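Participant: I would like the atomic coordinates for the input below:
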Amino acid sequence: MDWNNIDLKNQYERSQNIIDSLSFETLLLEISCNVKNINSATVMAQFEADLQSRIESARDVMRANLQNIVNDALEYRNDD
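Facilitator: Presented below is the predicted three-dimensional model:
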């Protein structure tokens, strides 16, 4: 799958998440690997870093596919 050119006619590609989910399991793994001194502040900082990373990735995907999304939305509206 080409994240820089999502085929919105393909049901599999169309159903993919724009933003990656962040599970407790993933967060705990990130904390155990990246946080030397574990406390409330460092855990929250790791969460914010993970969240920001996912937001930036989602923005990149949106920018790369914006015209595809606009075209598909216009086509959908015109079919009604």
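Participant: got the contact list for the most centrally placed residue in the chain?
Facilitator: By Cα atoms, centre = their mean, the mean C-alpha position of the chain lies nearest to residue 19, the distance being 1.8 Å. Neighbouring residues of residue 19 by Cβ atoms under 8 Å, 6 or more residues apart in numbering: 54-55, 57-58. (Glycine included, C-beta is placed from N, CA and C.)
Participant: by neighbours, which of the residues you listed wins?
Facilitator: When the contacts of residue 19 are compared by neighbour count (other Cβ atoms under 10 Å), residue 54 ends up highest, at 16 neighbours.
Participant: now do the longest helix along the chain: distance to the chain's middle.
Facilitator: If you go by DSSP state H, the chain has its longest helix at helix 40-79. Relative to its chain's centre, helix 40-79 lies at 5 Å (Cα atoms, centre = their mean, to the nearest Å).
Participant: make sure residue 14 is actually in contact with residue 8.
Facilitator: Yes: look at residue 14 against residue 8 with Cβ atoms under 8 Å: they come within range, at 5.2 Å.
Participant: so between those two, which is more surrounded?
Facilitator: residue 8 (15 against 11).
Participant: could you measure from the more buried one over to residue 43?
Facilitator: 38 Å (Cβ to Cβ, to the nearest Å).
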